[in-house]
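Asks: Sequence unavailable; structure follows:
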């Protein structure tokens with residue numbers, strides 16, 4: 001029995017992940033809501049997004065990867081984009097939709113009241129359905145050389161950073 005303060009906490013084996021989505025009160029620093037991710041999912045990206053069909057309501061979108069392996073070759077058995085609504089006067093997250101995707105959703109951002117998702121080497125735009133709240137793919141670009149890890153938006157331009165090559169400006 002080794003002390004955690006000296007040797008650190010026990011580490012899980014390969015492909016073992018534990019992630020939570022935690023909502024914190026900024027003023028007090030207290031945890032308001034905490035959601036544990038199941039089935040060995042690792043949270044890899046997060047953003048807030050408002051969709052045009054949902055009259056200014058703000059949603060939290062989280063990208064996760066199942067059975068994530070980072071080395072020797074980055075892989076996963078599947079990815080998901082979770083869409084949460086903020087309920088109970090901003091004190092609770094409620095899962096609306098869990099969209100399966102084929103690769104790691106490495107970056108998420110809002111653009112023109114839609115969700116931009118960097119999924120592997122693809123940049124996809126999603127909108128949230130009005131009647132049935134699920135993510136609907138509107139557009140995609142598969143011409144990026146490597147895994148997308150960052151997305152920034154400014155007016156009508158999208159700045160995409162991949163893991164190795166460079167930064168790309170998209171219009």
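Replies: Arrived safely, thanks for sending. Fair warning: this is a prediction, and the values are worked out from it, not measured in the lab. Residues are numbered from 1 along each chain as shown.

Asks: doesn't residue 6 fall inside a helix?
Replies: Yes. Residue 6 forms part of a helix when assessed by DSSP: H, G, I helix; E, B strand; the rest coil.

Asks: What about it, how many residues nearby?
Replies: A total of 6 residues lie near residue 6 under the criterion other CB atoms under 10 Å. Bear in mind the C-beta positions are built from the backbone N, C-alpha and C, glycine included.

Asks: Let me see the confidence value for it.
Replies: At residue 6, the model reports a pLDDT of 81.

Asks: That one and residue 144: what is the separation?
Replies: Going from residue 6 to residue 144 by CB to CB, to the nearest Å gives 44 Å.

Asks: Grab the nearest non-local neighbour of the residue most central in space within the chain.
Replies: Centroid check for the chain by CA atoms, centre = their mean gives residue 63 as the closest residue, at 2.3 Å. Of all residues not flanking residue 63 in the chain, residue 105 sits nearest, at 3.0 Å (CB to CB, 6 or more residues apart in numbering).

Asks: is that neighbour in a bridge, and if so with what?
Replies: Beta bridges link residue 105 to residue 119 when assigned by DSSP bridges.

Asks: quick one, what contacts the residue nearest to the centre of the chain?
Replies: Shown in contact with residue 63 (CB atoms under 8 Å, 6 or more residues apart in numbering): 43-46, 79-82, 104-108, 117, 119.

Asks: What is the neighbour count of the residue nearest to residue 63?
Replies: 28.

Asks: I'd like the average pLDDT over stretch 114-133.
Replies: For stretch 114-133, the mean pLDDT works out to 93.

Asks: backbone phi and psi for residue 80, please?
Replies: Note on residue 80: backbone dihedrals following degrees, to the nearest 10 are phi -140, psi 150.

Asks: these two touch, right, it and residue 103?
Replies: No. Using CB atoms under 8 Å, residue 80 is not in contact with residue 103, being 11.1 Å away.

Asks: Low-confidence stretches in this protein?
Replies: Along the chain, the parts satisfying pLDDT under 70 run over 1.

Asks: Next up, the contacts around the residue nearest to residue 75 when sequence neighbours are not counted.
Replies: Using CB to CB, 6+ apart and skipping the chain neighbours, the partner closest in space to residue 75 is residue 69 (5.0 Å). Residue 69 is in contact with 14, 15, 75, 76, counting by CB under 8 Å, 6+ apart.

Asks: Pull out the buried members of those residues.
Replies: residue 76 (16 or more other CB atoms under 10 Å).

Asks: Which single one of the contacts of residue 69 is nearest to residue 157?
Replies: residue 76 (29.7 Å; CB to CB).

Asks: where exactly do the strands run in this structure?
Replies: Secondary structure of the chain (DSSP state E): strands located at 20-24, 31-36, 41-50, 58-66, 78-87, 92-101, 105-111, 114-119, 122-128, 135-141, 148-154, 157-162, 167-170.
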